[in-house]
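Based on what follows, work out the 3D shape:
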Amino acid sequence: MFIHLMGGAVFIYLAARLVLPLRAGWKTKAGLAALLLFITQQHFINRMAFGGLASPEIPPFLLLVQGWCFLLLVLLLVFTLLRDLVCIIGWLGRKIRGSAKPVAPQPAFSSGRRQAIMVALAAGTAFWGLREAVGVPEVRNVEVLVPRLPNALDGLSIVQISDMHASPLLQSVWVNALVDRVNALKPDLILFTGDMVDGSPAARAADVAPLRRLRANYGIWGSVGNHEYYSNFSGWMKAFPALGIPMLLNQHTVLRIQEHPLVLAGVTDVAAQRFGLPGPDLAAALQGAPEDAARILMEHRPANAPANARRGIDVQLSGHTHGGQILGMNAVVAQFNGGYLYGRYAVDALNMYVTSGAGVWNGFPVRLGVPSEIPRIILRSA
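Numbering: from 1, shown residues only. Coordinates of the predicted model:
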């Protein structure tokens, strides 16, 4: 509901600041206002007519057009707000100095040329942001110190895949390219940290089929994010193991690597509680785990890192934030995630890596200055 209300507010503001000041007839203005309303309410339309907000089942080309139009409006909103802010500050400054009459600021971009430049700049930037969002992610090498890791396991490699968001936008061709890139790394472990899919198991069967080709020396495991709960949770908890990805839901497993134990745990997501399902419970996940073994936790959201550190977690792998997706949104996104956004964090004795994610949700397909990634995490002993 919030996203629909925000769309309505954006419509009212842009209609007042961009459409009404135009030197055009009322029919032209009405047509532009109708188009503006349609674009700002595309999430509502998808929700009501095309199978849902999380994964509207429409052709990928239309999703790309939708995404480009939505990004265009977001950028127009930002540019117009900045323009208005500059006008207001300038007007207030002149008024304080007594060098201007107390009149309201002029409509933003009253000049047709300035308005055309603004639209062209927004359109080009939106195209670039969309292009970056749907590209196959690059590999990022990260070293993480684990003092309790046995020397024999120094150099153990983990490929983390998070926020893949397989959907009508990111289909089997994209997933297949992702799998090729991961397999080329010859990882010891592959760990999925949530938001793997958007859509039901039946709708996404062909798109996730390439995941069967993943290979790792010591296994492939997964935990869940919030989007799994929006997309037929019970169905996916059967589908993922069938793809060769056992799921750890407030559970752990003990891996024996070169005769040394390594605890791998996974917890659920807080979104589970909205569906009457168990929320994240680290105590349950670690029940019976050996105390002296190094512990790796898969938790989709990073905010619980301080509490997890107190329970003896050595390494936490998280996602969810998408790195903010757009430079400048960092502070806002971090505030909703315990202050964590992207990269390595040391939280007491816990070392955490928060990835920017491999894909994007099709409802906001943009990356500007925040590239997607496949983290290859190398564990180092003390």
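
thought Y218 was touching K186?
No - Y218 is beyond contact range of K186, at 11.8 Å (criterion: CB atoms under 8 Å). (Glycine included, C-beta is placed from N, CA and C.)

Between these two, which is the more surrounded one?
Neighbours were counted for Y218 and for K186 using other CB atoms under 10 Å; Y218 has more, 18 against 11.

Contacts only, for that one.
Going by CB atoms under 8 Å, 6 or more residues apart in numbering, Y218 touches D188, L189, L255, I257.

For the second one, list each beta-bridge partner.
In this structure, L189 has the following beta-bridge partners (DSSP bridges): I158.

can you check the last one too?
Beta-bridge pairing for I257 (DSSP bridges): H260.

burial count for it?
I257: 16 neighbours (other CB under 10 Å).

so who does it touch?
Neighbouring residues of I257 by CB under 8 Å, 6+ apart: L153, L156, D188, Y218.

With the second one instead?
Counting by CB under 8 Å, 6+ apart, L189 makes contact with L156, S157, I158, V159, A216, N217, Y218, G219, I220, W221, L255, L264.

In strands only, show me those.
Of the contacts of L189, the ones assigned to strands by DSSP state E are S157, I158, V159, I220, W221, L255, L264.

Specify which member of these is nearest to G369.
For the ones in strands among the contacts of L189, the closest approach to G369 (CB to CB) belongs to V159, at 24.1 Å.

what's the distance between the closest one and I245?
13 Å (CB to CB, to the nearest Å).

can you pull the buried residues of the helix or strand encompassing A307?
Using DSSP states H and E, A307 sits in helix 305-310. Buried residues in helix 305-310, defined by neighbour count with 16 or more other CB atoms under 10 Å: A305, N308, A309.

Please state the backbone phi and psi of the residue nearest to the last one when sequence neighbours are not counted?
So that's A309. Of all residues not flanking A309 in the chain, L350 sits nearest, at 3.7 Å (CB to CB, 6 or more residues apart in numbering). With angles defined as degrees, to the nearest 10, L350 sits at phi -90, psi 140.

ok, now which ones touch R181?
V136, P137, V139, I374.

do T321 as well
P302, V333, A334, N337, Y340, L341, Y342, V354, S356, G357.

For the nearest residue to L149 once chain neighbours are set aside, give me the pLDDT.
What sits nearest to L149 in space, not counting adjacent residues and going by CB to CB, 6+ apart, is S381, at 4.1 Å. For S381, the pLDDT comes out at 92.

Let me see the ranges of the strands in this protein.
Remark: strands assigned in the chain by DSSP E are 138-146, 157-161, 189-193, 220-223, 251-257, 260-266, 294-298, 315-318, 343-347, 350-354, 373-381.

what would the ones you listed look like in a markdown table with distance to S234?
Listed next are the strands of the chain as a markdown table, based on distance: least, CB to CB, whole Å:
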| stretch | distance to S234 |
| --- | --- |
| strand 138-146 | 33 |
| strand 157-161 | 22 |
| strand 189-193 | 18 |
| strand 220-223 | 15 |
| strand 251-257 | 16 |
| strand 260-266 | 17 |
| strand 294-298 | 20 |
| strand 315-318 | 24 |
| strand 343-347 | 33 |
| strand 350-354 | 28 |
| strand 373-381 | 29 |
